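Participant: Provided below are the primary sequence and the corresponding predicted coordinates.
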Amino acid sequence: MDSEQLGVLIPILVPIAMFAMVFGIVYLYKRERMAMIERGMDPRSYKPRSVAPHQTLKWGLLLIGAGLGLCLAYILDRGVFHDEDNPAMYFGLIAVFGGLGLFVSFLIERKDNMNNKDVE
């Protein structure tokens with residue numbers, strides 16, 4: 001297949017794929033609701049529980065850490081190393097600061113869990 005033929009197929013296949021995805025999501029949602037009704041459950045009173053209550057905190061701190069690492073790598077690349085192309089520094093600092101964000105999230109979660117145990 002030539003790239004011209006693929007270029008013609010993309011505007012056709014992308015909407016079809018998007019429609020199939022939306023149809024599948026709605027179909028599975030309705031099927032789940034019907035299964036709940038068959039088992040005698042009220043689907044309106046069902047609220048999905050969060051598996052990890054601190055998931056948003058974890059992702060937020062990870063992204064903040066990655067952003068800080070990227071910012072620091074840019075500052076070091078432009079200021080200290082004077083335009084040397086050093087992609088390893090970018091990846092390394094993103095990983096280090098992302099890991100620090102996850103570690104801070106762990107400390108906050110542990111402190112919160114200890115406070116919850118003291119209350120009970």
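Facilitator: Nice, I can see it. Residues are numbered from 1 along each chain as shown.

Participant: could you give the mean pLDDT of the longest helix anywhere in the chain?
Facilitator: When the chain is parsed with DSSP state H, its longest helix is helix 3-38. Over the span of helix 3-38, the pLDDT mean works out to 91.

Participant: on contacts alone, who are the packing partners of the helix or strand that that helix is followed by?
Facilitator: Sequence-wise, the next helix or strand downstream of helix 3-38 (DSSP states H and E) is helix 55-75. The helices and strands touching helix 55-75, judged by 3 or more CB pairs under 8 Å, 6 or more residues apart in numbering; DSSP states H and E, are helix 87-119. Using the backbone N, CA and C atoms, a C-beta is placed for each residue, glycine as well.

Participant: So which other helices or strands are in contact with the helix it packs on?
Facilitator: Taking 3+ CB pairs under 8 Å, 6+ apart as contact, the helices and strands that helix 87-119 lies on are helix 55-75.

Participant: Quick one: distance of the helix it packs on to the chain centre.
Facilitator: Centroid separation between helix 55-75 and its chain, computed with CA atoms, centre = their mean, to the nearest Å, is 13 Å.

Participant: Now it: buried residues?
Facilitator: 57-58, 61-62, 65-66, 68-70, 72-73 (16 or more other CB atoms under 10 Å).

Participant: want to throw those residues into JSON lines with distance to residue 81 and pLDDT?
Facilitator: Formatted as JSON lines, the buried residues of helix 55-75 follow (distance: CB to CB, whole Å; pLDDT from 0 to 100):
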{"residue": "57", "distance to residue 81": "34", "pLDDT": "88"}
{"residue": "58", "distance to residue 81": "32", "pLDDT": "89"}
{"residue": "61", "distance to residue 81": "28", "pLDDT": "92"}
{"residue": "62", "distance to residue 81": "26", "pLDDT": "92"}
{"residue": "65", "distance to residue 81": "22", "pLDDT": "93"}
{"residue": "66", "distance to residue 81": "20", "pLDDT": "93"}
{"residue": "68", "distance to residue 81": "18", "pLDDT": "93"}
{"residue": "69", "distance to residue 81": "16", "pLDDT": "92"}
{"residue": "70", "distance to residue 81": "15", "pLDDT": "92"}
{"residue": "72", "distance to residue 81": "12", "pLDDT": "91"}
{"residue": "73", "distance to residue 81": "10", "pLDDT": "88"}
